[in-house]
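Student: Got a predicted structure here, sequence first:
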Amino acid sequence: MKLTSKWFVWFSLIGIYVMLLGGVFYYNLFKWTFDEKLKSEVLEMVTLKSPELMDGLLRNANAITFDEYGVIEFLGNDKRIIDILYLDGSGKIRWFKHSNYLGADFESFVEETSYNPQSIWQVYRTGRPAIIKVKKEPLYDIAIPFKAKGEDIIGVLNLRVSREGANKIIASAMRKYVVGAVLVLLFLGIPLWLFLKLYIVNPIISLSNSIEGVSSKSFEIKFGARSDEVGTLARSVAGLLEKVRRELEFVSGKEDQIRVHENKWWEVVLKSAAPKNTKAVVVDEDNNVLFANFELNKLDPDQKLHLLDVIDTERKDVVKMVAMAMENPNTTVEADTVFKSQPVHAKVVQVESKGRLRRILILFESKAA
């Protein structure tokens with residue numbers, strides 16, 4: 001996988017991970033903010049109208065007054081409030097949407113209906129306002145007590161408040177969050193991708209092309225000077241190529257020296273050991289001529305000659321003798337043949353060293369001699 005593809009995958013995964021974490025955080029933040037706003041607004045409305053309710057409870061304990069009914073109607077006009085239950089201090093229903101329950105005891109009302117506000121029980125236990133989230137329903141069960149100077153509860157107002165409006169606001173806020181997060185990732189990712197492409201990927205590709213274009217003769221890398229890490233890498237590669245060039249020159253020089261010494265060695269050996277008027281040729285394992293005690297016809301002094309360039313091309317018997325000698329190291333193969341249009345007795349032997357260095361010596365002894 002390319003570097004840009006890896007970067008894109010990692011950036012996308014990290015972006016999604018951050019978006020999810022941010023989504024969880026902002027969802028809870030929005031939920032807390034709008035829920036608190038909903039509860040505080042409802043409590044403020046009730047607090048604003050509480051003097052009228054208190055006055056009605058104190059003036060007429062047996063029946064709801066017109067002022068109290070006006071407050072109930074005012075609260076009922078709020079679309080967020082879906083149910084209202086109003087109790088007096090003795091626990092009897094002062095107002096409910098079904099008039100047949102007016103004046104009924106709260107406990108018998110709960111037994112006869114499915115309406116069981118837990119917040120009212122909590123208010124009677126603690127004496128303080130209670131807000132309970134209804135399970136499996138987008139509702140808040142809110143109960144607010146009204147107390148006289150003696151701290152006795154003279155009435156309780158119970159409201160069931162819908163959270164659907166808050167949920168819609170939260171959903172809208174989360175949609176805006178997702179859109180904003182995606183735009184931020186795009187605005188952040190595009191410049192980062194351009195930086196990666198222009199300042200890292202493209203220079204690396206250029207450096208790779210420069211390395212592929214290095215000549216085995218000069219070992220020079222053609223890459224512009226840079227002051228960043230890519231430039232440091234290019235200088236390191238150039239230094240490595242220079243070391244390789246010097247090493248190859250050293251090895252080549254050593255091989256030339258070994259070849260010169262080997263030629264002198266063969267020259268001395270053949271002068272002292274080979275019979276007079278004997279032509280000698282030394283070849284390597286590839287049948288390239290390394291030494292000959294007679295003059296060779298070479299167009300170029302540096303030109304390498306093959307054994308077939310020296311012997312008569314039609315003399316297949318010599319090639320067979322060389323092949324037999326290569327199959328039987330250190331064993332002399334002899335036969336009569338013709339060399340340079342002269343009848344000769346040929347001897348071929350392969351000398352093999354422990355280092356797997358192979359040299360094949362071919363002697364052409366003149367029959368006339």
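Tutor: Sure thing, it's come through.
Student: Give the buried residues for stretch 61-71.
Tutor: 64-65, 68, 71 (16 or more other CB atoms under 10 Å). In this view, the C-beta of every residue, glycine as well, is placed from N, C-alpha and C.
Student: hey, C-alpha coordinates of it in CSV?
Tutor: The C-alpha trace of stretch 61-71 is given here as CSV (Å, rounded to 0.1, in the frame of the first residue of the first chain):
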residue,chain,number,x,y,z
ALA,A,61,-59.5,24.7,50.5
ASN,A,62,-62.6,22.8,49.2
ALA,A,63,-62.7,23.9,45.5
ILE,A,64,-60.5,25.5,42.8
THR,A,65,-60.8,29.3,42.4
PHE,A,66,-61.1,31.1,39.1
ASP,A,67,-57.5,32.4,39.6
GLU,A,68,-56.2,28.9,40.0
TYR,A,69,-58.2,27.7,37.0
GLY,A,70,-56.6,30.6,35.0
VAL,A,71,-53.1,29.4,36.0
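Student: and that stretch, how far from the chain's centre?
Tutor: Mean-position distance between stretch 61-71 and its chain equals 70 Å (CA atoms, centre = their mean, to the nearest Å).
Student: one step back: same list (the buried residues of stretch 61-71) but as CSV, adding secondary structure and distance to Phe294.
Tutor: As requested, these are exported to CSV (DSSP: H, G, I helix; E, B strand; the rest coil; distance: CB to CB, whole Å):
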residue, secondary structure, distance to Phe294
Ile64, coil, 139
Thr65, coil, 142
Glu68, helix, 137
Val71, helix, 133
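Student: Serialize the residues you listed to a markdown table and add fields for pLDDT.
Tutor: Below are the buried residues of stretch 61-71 laid out as a markdown table (pLDDT from 0 to 100):
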| residue | pLDDT |
| --- | --- |
| Ile64 | 89 |
| Thr65 | 90 |
| Glu68 | 91 |
| Val71 | 93 |
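Student: Now render those residues as a markdown table, adding distance to Val161.
Tutor: Putting the buried residues of stretch 61-71 into a markdown table (distance: CB to CB, whole Å) gives the following:
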| residue | distance to Val161 |
| --- | --- |
| Ile64 | 21 |
| Thr65 | 24 |
| Glu68 | 20 |
| Val71 | 16 |
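Student: what about Val42, is that helix, strand or coil?
Tutor: helix (DSSP: H, G, I helix; E, B strand; the rest coil).
Student: Ile221 and Lys135: what is the separation?
Tutor: Separation of Ile221 from Lys135 (CB to CB, to the nearest Å) stands at 73 Å.
Student: So for these two, which sits in the more crowded spot?
Tutor: Ile221 (19 against 7; other CB atoms under 10 Å).
Student: Can you mark which positions in stretch 44-62 are buried?
Tutor: Going by 16+ other CB under 10 Å, stretch 44-62 has these buried residues: 45-46, 49, 52-54, 56-57.
Student: and which of the residues you listed is nearest to Lys264?
Tutor: When these are compared for distance to Lys264 (CB to CB), Met45 wins out at 116.6 Å.
Student: That closest one reaches Gly76, doesn't it?
Tutor: No. Contact criterion CB atoms under 8 Å: Met45 and Gly76 do not qualify, at 11.4 Å.
Student: got the phi/psi numbers for His306?
Tutor: phi -90, psi 160 (degrees, to the nearest 10).
Student: per-residue pLDDT, it?
Tutor: We have a pLDDT of 82 for His306.
Student: what residues are up against it?
Tutor: 287-289 (CB atoms under 8 Å, 6 or more residues apart in numbering).
Student: What ranges does the protein have for its strands?
Tutor: 81-88, 93-95, 130-133, 139-147, 153-162, 278-283, 289-292, 333-339, 342-352, 358-366 (DSSP state E).
Student: Include mean neighbour count and distance to Leu21 when you put those into TSV, please.
Tutor: Formatted as TSV, the strands of the chain follow (neighbours: other CB atoms under 10 Å; distance: least, CB to CB, whole Å):
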stretch	mean neighbour count	distance to Leu21
strand 81-88	20	35
strand 93-95	22	48
strand 130-133	16	25
strand 139-147	20	28
strand 153-162	22	30
strand 278-283	22	76
strand 289-292	18	75
strand 333-339	16	84
strand 342-352	17	73
strand 358-366	20	71
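Student: Any chance of those strands in TSV with distance to Leu188 and mean pLDDT as columns?
Tutor: Shown next, in TSV, are the strands of the chain (distance: least, CB to CB, whole Å; pLDDT from 0 to 100):
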stretch	distance to Leu188	mean pLDDT
strand 81-88	45	92
strand 93-95	58	92
strand 130-133	38	92
strand 139-147	40	92
strand 153-162	39	92
strand 278-283	70	85
strand 289-292	69	82
strand 333-339	80	85
strand 342-352	70	85
strand 358-366	67	85
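Student: Make TSV out of those strands and add distance to Val123.
Tutor: Output for the strands of the chain, formatted as TSV (distance: least, CB to CB, whole Å):
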stretch	distance to Val123
strand 81-88	9
strand 93-95	15
strand 130-133	5
strand 139-147	5
strand 153-162	6
strand 278-283	115
strand 289-292	114
strand 333-339	121
strand 342-352	110
strand 358-366	109
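Student: I'd like to know which of those strands lies nearest to Leu29.
Tutor: Here strand 130-133 is closest among the strands of the chain (CB to CB), at 17.5 Å.
Student: Residues contacting that closest one, please?
Tutor: 39, 118-120, 122-123, 139-143.
Student: swap in stretch 235-249?
Tutor: 207, 211, 214, 218-221, 223.
Student: Return the item of those having minimum pLDDT.
Tutor: Ser218 (74).
Student: For it, which residues are in contact?
Tutor: Contacts of Ser218 by CB under 8 Å, 6+ apart are Arg245.
Student: Now do it against Ser210, distance only.
Tutor: 13 Å.
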